[in-house]
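S.K.: heads up, no residue letters with this:
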């Protein structure tokens, strides 16, 4: 189901925007991390998305992101212009279209491939949504579809975009989060032309005052405990760190289990709000299957890392990846069946071992991963300095590619050792 957070400018420790997201999906749905180069496309080209084919644009930008194995798009990702986007399921009173269209993950990737800023990506995605609609399986190849909310960020600003069918509304945010419900009130800045008229024609908004998007469109038949508490918790954590938000604090937020921090305490039931934590292990919403934290610097002359993890972040570790290098094959491979060569499946096996007693095993894993994190940080600083000093872009890219390969190899080796240790 997912959760997204963002902090812009003065809210962060160094003034750079920081974007973060947990992707919560069906258990055992492999979610590789993939990378696509920039490309030029001839007139008349088309692109095959998950369910439909649409016209291609003349130029697409370099992108990378987590992509469930069976879809075209991304749960979350970044592009070469330091734009980051993530999506969320939201529940609307409006039925999901029965005919095939774009799904939220398609829109994330298309926005990244075509948008140089968060605002430009938003406008492109809104146009695609109005043109092609949202329809077709999105939870699984044979599952149901859903409406989407999005968080879009770049080095200068961030936007919250929420949708219902082909209707949408958006506003700028500086320190905020989104979860699995429509949360925009009457404070929206831009929206589809029929946003207000459709709500009134449907009988969802009868007031003479400005449209409150959540009051009109939100499906209150879906229990609020599924996401209200998570959104409130994320906003509390962001406010607590205001002015100090950085990669580490965002990683901490993505691992959050409320009173247990990175350790899930037993005892909560699905009837309680505290059952639905930011780091998800539950069967109702689906577990967290991939995570990303992306600092979005204005100055991208030097290498800038994006931090990714597989499976639940409380049992896993964040690894730095770079658009300017070539990501290791282990990150990008994996399908519906378990694979020894897939990083996602390796970390899923570790999570499965930890799930037998999370209260006992999680502290062991967190302590064990600390040594690796210290090694990665030392190597990262050294390699980024070498890449910055390189005279040729190819030499810099090779430095980053080699570092990623070493880091992933070491992470996978340690994951298997830890699984054997706690089994």
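M.R.: Cool, got the structure. Just so it is clear, the model here is predicted, and its values are computed rather than measured.
S.K.: what about the longest helix seen in the chain, distance to the chain center?
M.R.: Longest helix in the chain by number of residues (criterion: DSSP state H): helix 358-389. With Cα atoms, centre = their mean, to the nearest Å as the basis, helix 358-389 stands 21 Å off its chain's centre.
S.K.: Buried ones in the helix or strand following that helix, by neighbour count?
M.R.: Following helix 358-389 in sequence order, the next helix or strand is helix 393-422 (DSSP states H and E). For helix 393-422, burial by neighbour count (16 or more other Cβ atoms under 10 Å) applies to 396-397, 399-401, 403-405, 407-408, 411-412, 414-415, 418-419, 422. Yep, even glycine has a C-beta here, placed from its N, CA and C like the rest.
S.K.: Just the mean pLDDT for the longest helix of the chain, thanks.
M.R.: Taken as a whole, helix 358-389 carries a mean pLDDT of 97.
S.K.: What are the boundaries of the helices in the stretch 201-350 of the chain?
M.R.: Secondary structure of the stretch 201-350 of the chain by DSSP state H, counting those that start in this stretch: the helices cover 213-217, 228-240, 247-254, 329-332, 343-354.
S.K.: Export the ones you listed as TSV, with columns for mean pLDDT.
M.R.: What follows is the helices of the stretch 201-350 of the chain, written out as TSV (pLDDT from 0 to 100):
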stretch	mean pLDDT
helix 213-217	98
helix 228-240	96
helix 247-254	98
helix 329-332	98
helix 343-354	98
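S.K.: quick one, which of the ones you listed is nearest to residue 50?
M.R.: The closest of these to residue 50 is helix 329-332. By Cβ to Cβ, the value is 17.8 Å.
S.K.: Run the chain-centre distance for the closest one.
M.R.: 18 Å.
S.K.: With mean neighbour count added, can I get the helices of the stretch 201-350 of the chain in a markdown table?
M.R.: Listed next are the helices of the stretch 201-350 of the chain as a markdown table, based on neighbours: other Cβ atoms under 10 Å:
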| stretch | mean neighbour count |
| --- | --- |
| helix 213-217 | 23 |
| helix 228-240 | 18 |
| helix 247-254 | 21 |
| helix 329-332 | 19 |
| helix 343-354 | 24 |
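S.K.: can you redo those as JSON lines with distance to residue 93?
M.R.: What follows is these, written out as JSON lines (distance: least, Cβ to Cβ, whole Å):
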{"stretch": "helix 213-217", "distance to residue 93": "6"}
{"stretch": "helix 228-240", "distance to residue 93": "17"}
{"stretch": "helix 247-254", "distance to residue 93": "30"}
{"stretch": "helix 329-332", "distance to residue 93": "39"}
{"stretch": "helix 343-354", "distance to residue 93": "36"}
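S.K.: now for the ones you listed, which one comes closest to residue 143?
M.R.: When the helices of the stretch 201-350 of the chain are compared (using Cβ to Cβ), the closest one is helix 343-354, at 19.3 Å.
S.K.: what's the domain layout of this structure?
M.R.: 3-300, 330-423 (automatic domain parsing).
S.K.: Return the most buried member of these.
M.R.: domain 3-300 (a mean of 20; mean count of other Cβ atoms under 10 Å).
S.K.: Distance from it to the middle of the chain?
M.R.: For domain 3-300, the distance to the chain centre is 7 Å (Cα atoms, centre = their mean).
S.K.: Now do the end-to-end distance for that domain.
M.R.: 27 Å (Cα to Cα, to the nearest Å).
S.K.: got the contact list for the nearest residue to residue 231 once chain neighbours are set aside?
M.R.: Excluding its sequence neighbours, the residue lying closest to residue 231 (Cβ to Cβ, 6 or more residues apart in numbering) is residue 179, at 4.1 Å. Taking Cβ atoms under 8 Å, 6 or more residues apart in numbering, we find residue 179 in contact with 1, 2, 3, 88, 227, 228, 230, 231, 234.
S.K.: can you list the domains of the chain in a markdown table and add distance to residue 310?
M.R.: Converted to a markdown table, the domains of the chain look like this (distance: least, Cβ to Cβ, whole Å):
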| stretch | distance to residue 310 |
| --- | --- |
| domain 3-300 | 6 |
| domain 330-423 | 4 |
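S.K.: Just checking: what are the partner strands of the strand or helix carrying residue 5?
M.R.: Counting by DSSP H and E, the element that carries residue 5 is strand 3-7. Paired strands of strand 3-7, with direction, are strand 17-24 (antiparallel), strand 175-178 (antiparallel) (DSSP bridges).
S.K.: what about those strands, which gets the closest to residue 304?
M.R.: Closest among these, using Cβ to Cβ: strand 17-24, at 11.5 Å.
S.K.: Kindly calculate the angle that the closest one makes with helix 247-254.
M.R.: Calculated by axes from the mean of the first three to the mean of the last three Cα atoms, to 10 degrees, strand 17-24 forms an angle of 30 degrees with helix 247-254.
S.K.: Now the element after strand 17-24, going C-ward?
M.R.: Next helix or strand after strand 17-24 toward the C-terminus (DSSP H and E): strand 33-36.
S.K.: What's the mean pLDDT across that following strand?
M.R.: 98.
S.K.: could you say what helices and strands that strand packs with?
M.R.: strand 63-66, helix 329-332 (3 or more Cβ pairs under 8 Å, 6 or more residues apart in numbering; DSSP states H and E).
S.K.: Run through who's touching it.
M.R.: Residues contacting strand 33-36 (Cβ under 8 Å, 6+ apart): 60, 62-67, 113, 290, 308, 310, 321, 323, 326-327, 331-332, 343.
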